[in-house]
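Chemist: Got a sequence here, can you model it:
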Amino acid sequence: MGRVTFYEDRNFMGRSWDCMGDCSDMHSYMSRCHSCRVHSGCFMVYDQANYMGNSYFMRRGEYGDYMNMFGWNNCIRSCRWIPMYRGNYRMRIYDRNDFGGQMHEFMDDCDNCMDRYRMNGCMSCHVMDGHWLMYEQPHYRGRMWYFGPGEYRNFMNMGWGNMRFMSMRRVMDSWY
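Modeler: Take a look at the predicted model:
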């Protein structure tokens, strides 16, 4: 398991709370969170409860003023631990919902789907192996989302509107 300590105020001040896994709503532990230390593991943090809203990937390190770092105007409300994975990575992406349209299989990072496959983006995916981060813009820029093993048939139904992912990378064991 990973471990992260959340603090109410910037620069690790105020009340703190240690988290060792997933937390869908931090409000029951603290009223706000403006800094954190990731002691071990990797986490996705979200500015809304239930793993919704803006998200950011955090690896081991100190985040004394993450709101300025990430450009957020809201504090962390939920977090998800990303388990370490050391096997092969495999994911299929589709340019339409419900695994429709053009399909490509990935086993490594892709910094630009448009350049590599002439795809206008990814609208559904099936993660067979590994853990992945997907980005709304090429070259791993813009908003990001975490995808663990499973089927993701329709990104619109997941509350992301017409989000199209343009680049993706593996969460590697060296990041831990």
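Chemist: Name the next helix or strand downstream of the worst-scoring helix or strand of the chain on mean pLDDT, please.
Modeler: For the chain, the helix or strand with the lowest mean confidence is helix 66-70, at a mean of 70 (criterion: mean pLDDT, DSSP states H and E). Scanning forward in sequence from helix 66-70, with DSSP states H and E defining helices and strands, the next element found is strand 78-82.
Chemist: tell me the contacts of the residue most central in space within the chain?
Modeler: Averaging the C-alpha coordinates of the chain gives a centre point, and the residue nearest to it by CA atoms, centre = their mean is Tyr146 (3.2 Å). Tyr146 makes contacts with Met44, Ser55, Phe57, Arg80, Ile82, His131, Trp132, Leu133, Val171, as judged by CB atoms under 8 Å, 6 or more residues apart in numbering. Where you see a C-beta, it was placed from the backbone N, CA and C, and this is true even at glycine.
Chemist: Format those residues as CSV; extra columns: pLDDT and distance to Tyr117.
Modeler: Putting the contacts of Tyr146 into CSV (pLDDT from 0 to 100; distance: CB to CB, whole Å) gives the following:
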residue, pLDDT, distance to Tyr117
Met44, 95, 26
Ser55, 88, 25
Phe57, 93, 24
Arg80, 95, 29
Ile82, 95, 26
His131, 96, 22
Trp132, 96, 16
Leu133, 95, 18
Val171, 94, 22
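Chemist: So among the residues you listed, which ones count as buried?
Modeler: Met44, Ser55, Phe57, Arg80, Ile82, His131, Trp132, Leu133, Val171 (16 or more other CB atoms under 10 Å).
Chemist: rewinding a little: next, the angle strand 78-82 makes with the helix or strand hosting the residue nearest to the centre of the chain.
Modeler: Secondary-structure assignment from DSSP H and E places Tyr146 in strand 141-147. With axes from the mean of the first three to the mean of the last three CA atoms, to 10 degrees as the basis, strand 141-147 and strand 78-82 are set at 70 degrees to each other.
Chemist: could you point out which element follows strand 141-147?
Modeler: Read in the C-terminal direction, the helix or strand following strand 141-147 is strand 150-152, with elements assigned using DSSP H and E.
Chemist: buried sites along that next one?
Modeler: Residues of strand 150-152 classed as buried under the neighbour-count rule (16+ other CB under 10 Å) are Tyr152.
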